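Q: Make a model of this:
(one chain, ligands or ions: 1)
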Amino acid sequence: MAENPNDWELETKLVRGGMMRSPYGEISEALYLTQSFAYDTAEAADERFGGGPGFIYQRFGNPTTQMFEDRMALLEGAETCRATASGMAAIHVALSGLLRAGDHLVAGRALFGSCRWIISEWLPRFGVEATYVDATDLDAWKNAVRPNTKAFLVESPANPLLEVTAIGAVAEIAHAAGAKLVVDNVFATPVFQKPLALGADIVVYSATKHIDGQGRVLGGAILGSTELMTEAYKDILRHTGPALSPFNAWVLLKGLETLELRVRRQAENAGKVAGAIAASSKVKKTLYPGRPDHPQAAIIANQMTGGGNVVAFDLGSREAAFRFLNALAIVDISNNLGDAKSMATHPCTTTHRSMPEAERLEIGLTEGWVRMSVGLEGAGDLVRDVSRALDAA
Ligand SMILES: *Cc1c(COP(=O)(O)O)cnc(C)c1O
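A: Coordinates of the predicted model:
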């Protein structure tokens, strides 16, 4: 009986989706470390360059990379996925492909630092203007729309304070304005949130985070309908060269096999760690999307099936945050996230250092905040390490 992979459970898609076996019948996906491809005849080359099936050059596509793309598309419920060399390449291409000189973009103001740079410094060089909004305020999205608005960008949950946006409602506002909604779904992961099903047009990932999940390679992905992916991105991907290395695609394929197991355990651990943090008298505020006291808990219940693995908490001052970080014995001080190893960072002096103070204050990011990415260590060890460090703070 022929199986339709679209009907598989998520776990099956993660392990088997997109597999293309060579005649050797390998179990582990083959790594095709090749830049180009040979054609049996000049006629065959002619046909392939004319758009026929088959590979031409690694910048356009590669069998290992395609397996990663097909697996990602299957688990996201997208018609098409294109892989990129990093998450930032994915976001850059996702925006550039939708916008041209004279267009306008509306973006949630709490964004990964490099995304803010693309929007505030890079796109204006090409005549694209942007308005930042409080992503939790639907009226702010509506009021920011101009006749030339072509795209919306939002990260939900957002970095670093885990603000959540009602994706369906923002998609409606975007579509009423004739704009496309791009969602950066890194913090939620494809396991806990499906933005396309909620109404988004394009989803982007930094595969560097949970999809690798073991700290090895950079990667990114853009997903959407075949029509939009072709129209907006096919040429830009071919000609500007942000292609993912097949080696990295292979590592990411292996990462996907265990993604569901890892992020579920990470979220379980994060819930326990967040509980210990919230119970401490040293902590002024704890934010974790898996807790009922999250400010957007009602939206989270509607659009996410888990809280993710990132917890943010306010220790009141930079000194207290530094004392906390320096007292950690298991958890690393590091700015990455989604890794098997737990890590914590002080956003004001690391990830959000280049954000002007006035903008940091707008998103509520003061000097006492710590962001922790909870990993796969034993929950007891993590709670003990964090509790001891909170005592030292
Ligand atoms: C890390 C990250 C990115 C950038 O990804 P890279 O793979 O580092 O280029 C973009 N968005 C979010 C939310 C991220 O966490």
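Q: what sits opposite the residue in the stretch 151-300 of the chain that the ligand sits nearest to in the beta ladder?
A: Across the stretch 151-300 of the chain, the shortest distance to the ligand (CB to the nearest ligand atom) belongs to Ser206, at 3.0 Å. Quick note: C-beta positions are derived from backbone N, CA and C, even for glycine. Beta-bridge pairing for Ser206 (DSSP bridges): Gly220.
Q: isn't there a helix covering Met20?
A: No - counting by DSSP: H, G, I helix; E, B strand; the rest coil, Met20 falls outside a helix, being coil.
Q: Would you mind giving both backbone torsions of it?
A: Dihedral pair for Met20: phi -120, psi 110, per degrees, to the nearest 10.
Q: Show the pLDDT at it.
A: On the pLDDT scale, Met20 is placed at 97.
Q: try Phe37
A: The score at Phe37 is 97. That number is its pLDDT.
Q: and it, how far is that from the ligand?
A: Distance of Phe37 to the ligand, computed by CB to the nearest ligand atom, to the nearest Å: 28 Å.
Q: Find the nearest non-adjacent residue to that residue, please.
A: Phe55 (4.8 Å; CB to CB, 6 or more residues apart in numbering).
Q: Then Leu198?
A: Nearest residue to Leu198 in three dimensions, chain neighbours excluded: Ile167, at 4.2 Å (CB to CB, 6+ apart).
Q: wait, isn't that neighbour in contact with Val183?
A: Yes - with contact defined as CB atoms under 8 Å, Ile167 counts as touching Val183 (6.1 Å).
Q: of those two, who's got more company?
A: A direct count of neighbours by other CB atoms under 10 Å for Ile167 and Val183 places Val183 higher, at 30 against 26.
Q: quick one, what contacts the more buried one?
A: By CB atoms under 8 Å, 6 or more residues apart in numbering, the contact set of Val183 is 153-156, 167, 195, 200, 202-204.
Q: Doesn't it lie inside a strand?
A: Yes - the assignment for Val183 (three-state DSSP) places it in a strand.
Q: Can you tell me the closest non-neighbouring residue to it?
A: According to CB to CB, 6+ apart, the nearest residue to Val183 is Pro195 (3.9 Å).
Q: Could you list the domains of the protein?
A: Domain ranges of the chain: 7-257, 260-392, per automatic domain parsing.
Q: Now the helix or strand hosting Val154: buried residues?
A: When elements are assigned from DSSP states H and E, Val154 belongs to strand 149-155. For strand 149-155, the neighbour count (16 or more other CB atoms under 10 Å) marks 149-155 as buried.
Q: mind saving the C-alpha coords of that strand as PDB?
A: Extracted in PDB, the C-alpha atoms of strand 149-155 (Å, rounded to 0.1, in the frame of the first residue of the first chain):
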ATOM      1  CA  THR A 149       2.500  48.400   2.800                       C
ATOM      2  CA  LYS A 150       3.600  45.000   1.300                       C
ATOM      3  CA  ALA A 151       4.800  42.900   4.200                       C
ATOM      4  CA  PHE A 152       4.400  42.300   7.900                       C
ATOM      5  CA  LEU A 153       7.100  40.600  10.000                       C
ATOM      6  CA  VAL A 154       6.600  39.200  13.500                       C
ATOM      7  CA  GLU A 155       8.500  37.000  15.800                       C
END
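Q: mind listing what that strand pairs with, with the direction of each?
A: Applying DSSP bridges, you get strand 104-108 (parallel), strand 180-184 (parallel) as the partners of strand 149-155.
Q: Just name the most buried of these.
A: Across these, averaging neighbours per residue (mean count of other CB atoms under 10 Å) puts strand 180-184 on top, at a mean of 27.
Q: Any chance you could list what contacts whatever helix or strand comes next after it?
A: Next helix or strand after strand 180-184 toward the C-terminus (DSSP H and E): helix 189-192. The contact list for helix 189-192, computed with CB under 8 Å, 6+ apart, reads 10, 72, 75-76, 205, 209-211, 259-260, 263-264, 267, 304-308, 338.
Q: Just the element for the residue nearest to Ala166 when sequence neighbours are not counted, please.
A: Using CB to CB, 6+ apart and skipping residues adjacent in sequence, the residue nearest Ala166 is Ile299, 4.9 Å away. Assigned by DSSP H and E, Ile299 falls within helix 297-303.
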